[in-house]
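Visitor: sequence and predicted model, in that order:
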Amino acid sequence: MFRLVVAPEVLELRFGIFYEHQLPRPWDERAEERLYQDALEQVEIADRVGFDHVWAVEHHFLEEYSHSSAPEVFLAAASQRTRRIRLGHGIVQVPPPVNHPARVAERIAALDLISGGRVDFGTGEASSMAELGGFGVPRDEKRAMWQDAMDAITRMFVEEPFAGWDSPYLRMPPRNVIPKPVQKPHPPLWVACSRRETIHFAARNGIGALSFSFAEPEDAAVWVDEYYRLLNSEECVPAGFAVNPNVAVVLPMMCHEDEATAIERGIDGGHFFGFALAHYYGTSPHEPGRTSVWDDFVRHREAQGYSRRIVDADDAPLAVRITEGGIGSLRGAVGTPAQVAELVRRYEAVGVDQVIFVLQAGPNRHEHVCESLELVGEQVIPRFAEGREERERARAERLAPAVEAALARREPPRRQAPYRIDEAAEL
């Protein structure tokens, strides 16, 4: 029942693409439909050219920044248009006021069944005022809600029947939560991380860290070392019934043979991604249905550290963030295949397990995203292929003793005594 999760035929360094389903204003009545159809076509390409994961976020009410409120629907559609790419929830919001834990377990298992066992179950608490207030989630209780819900959900995957729950956040009588997932004991678990302490939280819970901090490789090295040190320590008590030792970083990306063209096509999208993220997760005022995040971006991007004029085509190694004359900007993986590959190699060298690219961002055009995916599949991904399966096996063997010790600290599945459903008593 307890085990290390290493997905079949994975690479030591894996490549992913990430979707917020961004849609800057102005919109027309078909804009969201085109957005989703274009994204499905992009995922088909990513699957064909060798990307390993597609990640889709769950957000609510975050106009322009994320029109991805039902990732389970998008990933289900993607599952039927692809063959090998893994389908990552990046993330499901698990506080019960947003998603009842039983509904989360059911949806994850159903997606795992229809995809042939290709699901990665990323989780999170939500942080924006729009979402927390919209669903009535107290900010000072959301971490406790996450921990409580994850314990319940992972038990729903493995207990037959689930032995019920009684906590401040969830009351549920015994039920057999069906269907059960293909992957046993359950799909790999992840958690969204935007700060160093959340990386530590992921390690202590034995789950993968999805980092959204736009960290330079040299900074990521510290996070990776701390993550694996904690995962190898007695502080690691798994949140689930398997351990998923992984650190992933998320970066804006656009690739073209000509560096200036890559910048022209992709830098505004990457900058809008960062600006809109700060808009909703900071203290910027927002009037639903009225505020134009795109207009605010155009007016204030330079003051917020997203200067376009200091991003130059100079054939230099890429930096995630750059500064010139006191002015800051975000660069990320926007450049030529050689530049992107060199940046990825630096992440690989410090132990990052997956690099996830954001291409569908801001005003980035569908045809440019498709061309970029093709180019990365042709000229970047193959550079990391040699010997990777052997390295993955060696890594799993190296981590196995720590994983076994961590899982021994996890409370096992419960056995439910015979129970008869009694609606009146339960209510």
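Guide: Received the coordinates, thanks.
Visitor: give me the residues contacting the helix or strand harbouring Val222.
Guide: Counting by DSSP states H and E, the element that carries Val222 is helix 217-231. Helix 217-231 is contacted from outside by 196, 199-200, 202-204, 206, 209, 211, 215, 236, 243, 245, 247, 249, 343, 346-347, 349-352, 399, 402, 406, using Cβ atoms under 8 Å, 6 or more residues apart in numbering. C-beta coordinates here come from the backbone N, C-alpha and C atoms, glycine included.
Visitor: if you set the cut-off to 6 Å instead, what comes out?
Guide: For helix 217-231, contacts defined as Cβ atoms under 6 Å, 6 or more residues apart in numbering pick out Ile199, His200, Ala203, Arg204, Pro245, Val247, Val249, Arg346, Tyr347, Val350, Gly351, Val352.
Visitor: who touches the closest residue to Phe51 other than its chain neighbours in this structure?
Guide: Take Phe51 and drop its neighbours on the chain: the residue closest to it by Cβ to Cβ, 6 or more residues apart in numbering is Phe15, 5.0 Å away. Counting by Cβ under 6 Å, 6+ apart, Phe15 makes contact with Phe51, Asp52, Ile381.
Visitor: and after whichever strand or helix holds Phe15, which helix or strand comes next?
Guide: Assigning secondary structure by DSSP H and E places Phe15 in strand 14-19. Where DSSP H and E defines the elements, the next helix or strand beyond strand 14-19 is helix 31-49.
Visitor: for that following helix, what is the average pLDDT?
Guide: Regarding helix 31-49, the rounded mean pLDDT is 98.
Visitor: packing partners of the next helix or strand after it?
Guide: Per DSSP H and E, the first helix or strand lying C-terminal to helix 31-49 is strand 53-56. The contact analysis (3 or more Cβ pairs under 6 Å, 6 or more residues apart in numbering; DSSP states H and E) places strand 53-56 against strand 14-19, helix 71-79, strand 86-93.
Visitor: direction included, what does the shortest one pair against?
Guide: Just to be clear, that refers to strand 14-19. Strand pairing for strand 14-19, determined by DSSP bridges: strand 53-56 (parallel), strand 354-358 (parallel).
Visitor: mind putting the ones you listed into TSV with distance to Ala333?
Guide: Putting the strands paired with strand 14-19 into TSV (distance: least, Cβ to Cβ, whole Å) gives the following:
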stretch	distance to Ala333
strand 53-56	16
strand 354-358	6
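Visitor: with mean neighbour count, mean pLDDT and distance to Glu302 added, can I get those in a markdown table?
Guide: Shown next, in a markdown table, are the strands paired with strand 14-19 (neighbours: other Cβ atoms under 10 Å; pLDDT from 0 to 100; distance: least, Cβ to Cβ, whole Å):
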| stretch | mean neighbour count | mean pLDDT | distance to Glu302 |
| --- | --- | --- | --- |
| strand 53-56 | 26 | 98 | 30 |
| strand 354-358 | 26 | 98 | 21 |
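Visitor: quick check, nearest of the contacts of Phe15 to Asp296?
Guide: Comparing those against Asp296 with Cβ to Cβ places Phe51 closest, at 32.4 Å.
Visitor: around the closest one, how many other residues sit close by?
Guide: 25 (other Cβ atoms under 10 Å).
Visitor: how about Ala361?
Guide: Neighbours around Ala361, by other Cβ under 10 Å: 28.
Visitor: give me the three-state assignment for the closest residue to it other than its chain neighbours.
Guide: Using Cβ to Cβ, 6+ apart and skipping the chain neighbours, the partner closest in space to Ala361 is Gly269 (3.8 Å). Counting by DSSP: H, G, I helix; E, B strand; the rest coil, the backbone at Gly269 sits in helix.
Visitor: any idea how many residues pack against Gly269?
Guide: For Gly269, the count of nearby residues is 24 (other Cβ under 10 Å).
Visitor: does it really touch His366, like I thought?
Guide: No - in this structure Gly269 lies outside contact range of His366 using Cβ atoms under 6 Å: 11.6 Å.
Visitor: what do those two both touch?
Guide: Here Gly269 and His366 share no contacting residue, scored by Cβ under 6 Å, 6+ apart.
Visitor: before we move on, the earlier item: residues in contact with the residue nearest to Ala361?
Guide: Contacts of Gly269 by Cβ under 6 Å, 6+ apart are Ala361, Gly362, Asn364.
Visitor: ignoring the adjacent residues along the chain, who's closest to the last one?
Guide: Nearest residue to Asn364 in three dimensions, chain neighbours excluded: Gly269, at 3.6 Å (Cβ to Cβ, 6+ apart).
Visitor: so how far is Gln22 from the one you found?
Guide: Distance of Gly269 to Gln22, given as Cβ to Cβ, to the nearest Å: 8 Å.
Visitor: got any residues that touch both of these two?
Guide: Ala361.
Visitor: Lys142 and Glu125 touch, don't they?
Guide: Yes - if you go by Cβ under 6 Å, Lys142 and Glu125 touch, sitting 4.2 Å apart.
Visitor: those two: who's more crowded?
Guide: Set Lys142 next to Glu125 and count neighbours by other Cβ under 10 Å: Glu125 wins out with 24 against 21.
Visitor: okay but the more buried one is in contact with Trp146, surely?
Guide: Yes - under the criterion of Cβ under 6 Å, Glu125 makes contact with Trp146 at 4.7 Å.
Visitor: in contact with Gly136, which residues are there?
Guide: Pro97.
Visitor: again with Leu170
Guide: Neighbouring residues of Leu170 by Cβ under 6 Å, 6+ apart: Pro96, Ala152.
Visitor: hmm, try it at 8 Å
Guide: Shown in contact with Leu170 (Cβ under 8 Å, 6+ apart): Pro96, Pro101, Asp148, Ala149, Ala152.
Visitor: ok so, going back, what touches both of Glu125 and Trp146?
Guide: Val94, Pro95.
Visitor: let's have the contacts of Leu170 in JSON lines, adding distance to Ala417 and pLDDT.
Guide: Converted to JSON lines, the contacts of Leu170 look like this (distance: Cβ to Cβ, whole Å; pLDDT from 0 to 100):
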{"residue": "Pro96", "distance to Ala417": "26", "pLDDT": "98"}
{"residue": "Pro101", "distance to Ala417": "22", "pLDDT": "98"}
{"residue": "Asp148", "distance to Ala417": "23", "pLDDT": "98"}
{"residue": "Ala149", "distance to Ala417": "24", "pLDDT": "98"}
{"residue": "Ala152", "distance to Ala417": "19", "pLDDT": "98"}
